[in-house]
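> how would this look folded up:
(chains A and B)
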Amino acid sequence: MKKITQYFSLISFALLMIWGCEKDEICIEENTPLLIIRFFDNDNPTEYKKVLNLKVQIEGIDGDYINETITLLTDSIAIPVKVTEDTTRFKLILFGNDEDVTNNNEDVFDLNYIREDVFVSRSCGYKTLYYDVKTTLLNDGDNWIKSIETVKDPQDILNQNSDHVKIFH
Amino acid sequence: MLKYFISVFFIGMFLVASSQEKVKDTVKYKDRYGLRIGIDVFQPVYSLFDKDRKGLEFVGDYRITKRFYVAAELGFSEATTKEDYFEFYTNGQYIKAGADFNAYKNWIGMENMIVVGLRYAFSTFDQTLNEYTINADPFLPNQTITTPVNYNGLSAQWIELVLGLKAEILHNVFMGFSFRWNQMITSKEPENFKNLYIPGFNKVYLNDNGFGFNYTISYLIPLYRK
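Model prediction:
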């Protein structure tokens, strides 16, 4: 009986070790992709052209969208697209992030798409992918954005490996 | 050549003769052989503390040689699993069949076991994705889909490595427990979802393996002695 107790302890210990080494389940896969926009020079359409003091807002959501791509001077931004609707209306405000509000120039464009929810993993759950993305620029008579187009036609937003939309200004 | 065969024949005769000379004078103890059937008491007790898990398992083994037993488990289970971004319900049944090896050398008359075993297991089950929330930028309003999605007629098969103990606590009554390490062979996966919990297999980890445990009380029906 003493021997059986020893065996018991050994087996329990071995299995506790296995259990103890269980991997922490943290979401490391890519979840819902952001829309990547690159800014080009309208006069020289193959050249990038940086934007100064850009402010990004999404209609229907309070506050400004902030992330590390929206800097003082940037030629590309990554912004979220609504997963609740098939249209997202973006407001890109040139000089919107400086003290002076009189120089603000707000341009609005719509992004239309078809949504699909795709399972990723236990820890990440589901992400949304956007298919057949279309852009529409609203003309306010004083657009700093001269034109907007998708990089490809049809354009899908499946990952953040490359840009999806080009803005010429 | 013929000479060679003849000498082999004679050596053989000698061996047969010599083995027959060893007639044992001792009283040989005969082991009991029989069918042992039981129930897992761990799952019913566990469901008292965790309302999301329900299950029942019957176990059985049949001794075939001094140290080998054919063994099987039969059970069903119901489980609701809550993850960060979704919740799902699993409902199904399973059967496991294989063999146990007794690694313990008993004293005469004792029937304790240190079980080292192997099982082939098969489960059929349904999954229901109760709800999920899209994992997106926190700036966006949440999208939670609460319409349940049913995935029926799923199945999985896997191999289990069993390590355990069994001891006779009363005459013919055995108490035992076992730990199981499971490795999936194949599974029929739902579309746009994954079998993250499988009856009998339990939680399915990233590399398609899992762990199991049972605590059984069983009764031996002795059939013959050998």
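> so where is the chain shaky, pLDDT-wise?
I'll assume chain A. Residue ranges of chain A with pLDDT under 70: A:1-24.
> that's the other chain; I wanted chain B
In chain B, residues with pLDDT under 70: B:1-26.
> please name the nearest non-neighbouring residue to the residue in it that chain A sits nearest to.
Proximity of chain B to chain A (CB to the nearest CB) peaks at B:Tyr85, 2.5 Å away. (Glycine included, C-beta is placed from N, CA and C.) Spatial nearest neighbour of B:Tyr85, excluding adjacent residues (CB to CB, 6 or more residues apart in numbering or on different chains): A:Gly125 at 2.5 Å.
> correct me, but that neighbour touches B:Thr133?
Yes - in this structure A:Gly125 lies within contact range of B:Thr133 using CB atoms under 8 Å: 6.8 Å.
> shared neighbours, those two?
Both A:Gly125 and B:Thr133 are in contact with B:Tyr85, B:Phe86, where contact means CB atoms under 8 Å, 6 or more residues apart in numbering or on different chains.
> please name the residues that touch B:Val59.
B:Ile37, B:Gly38, B:Ile39, B:Asp40, B:Ala71, B:Ala72, B:Glu73, B:Leu74, B:Asn214, B:Thr216, B:Ser218.
> buried ones among those residues?
B:Ile37, B:Gly38, B:Ile39, B:Asp40, B:Ala71, B:Ala72, B:Glu73, B:Asn214, B:Thr216, B:Ser218 (16 or more other CB atoms under 10 Å in any protein chain shown).
> tabulate the residues you listed (CSV), appending distance to chain A and secondary structure.
Output for the buried ones among the contacts of B:Val59, formatted as CSV (distance: CB to the nearest CB, whole Å; DSSP: H, G, I helix; E, B strand; the rest coil):
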residue, distance to chain A, secondary structure
B:Ile37, 23, strand
B:Gly38, 19, strand
B:Ile39, 21, strand
B:Asp40, 17, strand
B:Ala71, 17, strand
B:Ala72, 21, strand
B:Glu73, 18, strand
B:Asn214, 13, strand
B:Thr216, 15, strand
B:Ser218, 17, strand
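> now, which of those residues sits nearest A:Leu52?
A:Leu52 has its nearest neighbour among these in B:Asn214, at 67.2 Å by CB to CB.
> make sure the closest one is actually in contact with B:Glu57.
Yes - using CB under 8 Å, B:Asn214 is in contact with B:Glu57, at 6.2 Å.
> which residues are common contacts for these two?
By CB under 8 Å, 6+ apart, the residues touching both B:Asn214 and B:Glu57 are B:Asp40, B:Gln43, B:Glu73.
> tell me what the residue in chain A that chain B sits nearest to is bridged to.
Nearest residue of chain A to chain B, counting by CB to the nearest CB: A:Gly125, 2.5 Å away. Per DSSP bridges, the residues bridged to A:Gly125 are A:Ser121.
> how about the strand or helix carrying B:Leu223: buried residues?
For B:Leu223, the host element (DSSP states H and E) is strand B:209-225. Applying a neighbour-count criterion of 16+ other CB under 10 Å, one finds B:Asn209, B:Gly210, B:Phe211, B:Gly212, B:Phe213, B:Asn214, B:Tyr215, B:Thr216, B:Ser218, B:Leu220 buried in strand B:209-225.
> elements contacting it?
When contacts are defined as 3 or more CB pairs under 8 Å, 6 or more residues apart in numbering or on different chains; DSSP states H and E, strand B:209-225 sits against helix A:2-20, strand B:32-40, helix B:42-49, strand B:53-63, strand B:149-170, strand B:173-187, strand B:202-203.
> dump the ones you listed into JSON lines; add distance to A:Lys49 as well.
As requested, those are exported to JSON lines (distance: least, CB to CB, whole Å):
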{"stretch": "helix A:2-20", "distance to A:Lys49": "55"}
{"stretch": "strand B:32-40", "distance to A:Lys49": "69"}
{"stretch": "helix B:42-49", "distance to A:Lys49": "63"}
{"stretch": "strand B:53-63", "distance to A:Lys49": "59"}
{"stretch": "strand B:149-170", "distance to A:Lys49": "46"}
{"stretch": "strand B:173-187", "distance to A:Lys49": "52"}
{"stretch": "strand B:202-203", "distance to A:Lys49": "52"}
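> tell me which of those lies nearest to A:Lys82.
strand B:149-170 (22.2 Å).
> now the angle from the closest one to strand B:173-187?
150 degrees (axes from the mean of the first three to the mean of the last three CA atoms, to 10 degrees).
> relative to the strand holding B:Leu223, what are the paired strands and their orientations?
Counting by DSSP bridges, strand B:209-225 is paired with strand B:32-40 (antiparallel), strand B:173-187 (antiparallel).
> what's the first helix or strand after the last one?
Tracing the chain past strand B:173-187, the next element assigned as helix or strand by DSSP H and E is strand B:197-198.
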